[in-house]
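# structure, please.
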Amino acid sequence: MGLLNSSVMNRYYRLVTLSYRRVMAQTNIETILQLPFHAINFDDPTDIARHDEMVALVEQMLALHKELQSAGEADRADLEKQTAETDAKIDALVYELYGLTEDEIRVVEGST
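All right, here's what the predicted structure looks like:
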């Protein structure tokens, strides 16, 4: 879930679906199979650590979204801030996972 909802995958997905010349993106198995999912090497301690960190961040994000559904106005801004921070941490982990440079990160984030 962390990879699929990351800025990197969203950017890549948009580029892939634009190549089909569609006005609206359509999700189908052929498009999903084209996404460059990183295979986890469970013999590599670094990959294991990244995997575990991603799982923890996704669980945190799911909990925050659940809290947001029932939050009152007083708590909403803080929860939205925490959600944005968690999303940024997920993106940073994905950038590291794929070895993106600062220039590539700017492209993904639309800062160029």
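# spit out the contact partners of residue 87.
With contacts defined as Cβ atoms under 8 Å, 6 or more residues apart in numbering, the neighbours of residue 87 are residue 61. No exception for glycine: its C-beta is placed from N, CA and C like everyone else's.
# so how far is residue 74 from it?
22 Å (Cβ to Cβ, to the nearest Å).
# what does residue 58 give?
Residue 58 is 27 Å from residue 74, by Cβ to Cβ.
# more neighbours: these two, which one.
Using other Cβ atoms under 10 Å as the criterion, residue 58 and residue 74 rank with residue 58 on top: 17 against 7.
# ok, the more buried one touching residue 6?
No - if you go by Cβ atoms under 8 Å, residue 58 and residue 6 don't touch, sitting 10.4 Å apart.
# centroid-wise, who is the farthest residue in the chain?
residue 74 (27.6 Å; Cα atoms, centre = their mean).
# what's the first helix or strand after whatever helix or strand that one lives in?
Using DSSP states H and E, residue 74 maps to helix 73-98. Scanning forward in sequence from helix 73-98 by DSSP H and E, the next helix or strand is helix 102-108.
# off-centre distance for stretch 100-112?
In terms of Cα atoms, centre = their mean, to the nearest Å, the centre of stretch 100-112 is found 14 Å from the chain centre.
# poorly predicted segments of the chain, please.
18-26, 111-112 (pLDDT under 70).
# report how many residues lie close to residue 54.
Using other Cβ under 10 Å as the criterion, the residues surrounding residue 54 number 21.
# likewise residue 95?
Residue 95, neighbours per other Cβ under 10 Å, totals 19.
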